[in-house]
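Visitor: Here's my sequence, what's the structure:
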Amino acid sequence: MKIADRYILKEFIKGFLFSLIGLLAIYIIVDVFEQISKFVDKEVSAFVIIQYYFYQIPWIIGTTISPIACLLGCFIAIGNLSRRFELAALKFSGLSSYRILLPLLWAGLVLSGLTFAINETLMPLANQKKSALEREKINKLPKRTISPSKNIYYSGEDNRFYRIKFIDPKKGIIQGLTIYEFFSDHTLKRRFDAPKAVWSQDLLGKDGKWELFNGSERVFKEHLFEDIYFNSLVLNIKEKPLDFVKLRKPPLSMGFFEFKHHIENLQRGGEDVTKKLVDLWTRVSFPFMNLIVILLGFPLATKVRNIGFIIGFAAALFVSFIYWGLMQLARAFGHTGALPPMLASVLPNLFFIIVGAFLLWKLRK
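Guide: Predicted structure coming up:
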């Protein structure tokens, strides 16, 4: 990496971190003032309040402020270079505007990947802890537990539908199990009935199996069926005991792949998942705002000496808010079904990539 690249990245990282910390502090302070009456009424301690906002940090960064901090970092870095005539010196040394932009694009791409990683790993875990803290320490409600359940209907993998009269997930025992297995065209293929089924795990606790006792298997063929009775039958079922009774987590407490799996389960149950599909693909498209706002902010930042720092920054910020508004509009159209879910999530990115490319094309090399 050239000295110039390192210098530009250093200026960008300083501006980005300063902006990120500042925006995070502003967000938390505003939210504290909005919720202070609730905290006082519930007699919440200062330590619990600190924990509450600490758990929100990944969500705030990953879904709200990271693109704005990225825009501010780009504008501060390039704007300062322009005001100190360092940008002109770089150009006189033979570097074009596009070449000066290159390290910032790499930084934006890395930040996009980091944002996706935060949303996939830290954010779901932190949101679970925040929800538990809010329930137990703020709202003074009892801790959620997984207990035996009755009368469960569950749409599972491999085109199977389960009807369970009673299940004890901790012991891995089912009383009264019926399994319907379907062909891909939704015609019935087989049916299993067993008064009892038991789950057993291997020594490592990773894999396991369901064993059905004293039941029957009905195989459906054209215009007839065949009953097969068994004393014991080990069935290849992917679902574990907790899958049938686990508490439903909100989408923000799931990573991308867990949320995708959840949507597939809902689809198998016949639910309309249009809104959830839009939200799923938005999780992929949103992190790339970090990269695209650099395309929007860089051309304006290079003109700081001509138009003024405040005017240029305001213009870049205004364009970013338009970007945000268009993303919400496209998302709303996706929720109503007017746009396909994936198109609704990527359309704002495609539009502003074109806008950013046009602004860059207008720059002099």
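Visitor: going forward, measure contacts and count neighbours with C-alpha atoms only.
Guide: Will do.
Visitor: which stretches of the stretch 201-350 of the chain form strands?
Guide: 208-221, 224-235 (DSSP state E, counting those that start in this stretch).
Visitor: ok, the first one: who's next to it in the sheet?
Guide: Sheet pairing for strand 208-221, assigned by DSSP bridges, gives strand 188-201 (antiparallel), strand 224-235 (antiparallel).
Visitor: Just put those in TSV and tack on distance to Lys249, mean neighbour count and mean pLDDT.
Guide: Below are the strands paired with strand 208-221 laid out as TSV (distance: least, CA to CA, whole Å; neighbours: other CA atoms under 10 Å; pLDDT from 0 to 100):
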stretch	distance to Lys249	mean neighbour count	mean pLDDT
strand 188-201	24	18	89
strand 224-235	28	12	87
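Visitor: Tell me where the model's unsure across the stretch 1-150 of the chain.
Guide: Applying pLDDT under 70 to the stretch 1-150 of the chain flags residues 1.
Visitor: And the closest residue to Gly108 other than its chain neighbours, what's its pLDDT?
Guide: Nearest non-adjacent residue to Gly108, counting by CA to CA, 6 or more residues apart in numbering: Leu291, 4.2 Å away. On the pLDDT scale, Leu291 is placed at 89.
Visitor: For Asp279, which of the strands paired with strand 208-221 is the nearest?
Guide: strand 188-201 (33.1 Å; CA to CA).
Visitor: And for that closest one, what's in contact with it?
Guide: The contact list for strand 188-201 (CA atoms under 8 Å, 6 or more residues apart in numbering) reads 172-183, 207-221, 240-241.
Visitor: among the residues you listed, which ones are buried?
Guide: Neighbour-count burial (16 or more other CA atoms under 10 Å) applied to those gives 172-182, 208-213, 215-219, 240-241.
Visitor: Pull out the buried positions in stretch 355-362.
Guide: By neighbour count with 16+ other CA under 10 Å, stretch 355-362 contains the buried residues 356, 359-360.
Visitor: With distance to Ile167 and secondary structure added, can I get those residues in CSV?
Guide: Formatted as CSV, these follow (distance: CA to CA, whole Å; DSSP: H, G, I helix; E, B strand; the rest coil):
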residue, distance to Ile167, secondary structure
Gly356, 56, helix
Leu359, 62, helix
Leu360, 62, helix
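Visitor: what's near enough to touch the nearest residue in space to Pro340 that is not next to it in sequence?
Guide: Of all residues not flanking Pro340 in the chain, Gly334 sits nearest, at 6.0 Å (CA to CA, 6+ apart). Contacts for Gly334 were tallied using CA under 8 Å, 6+ apart; they are 274-275, 278, 340-341, 344-345.
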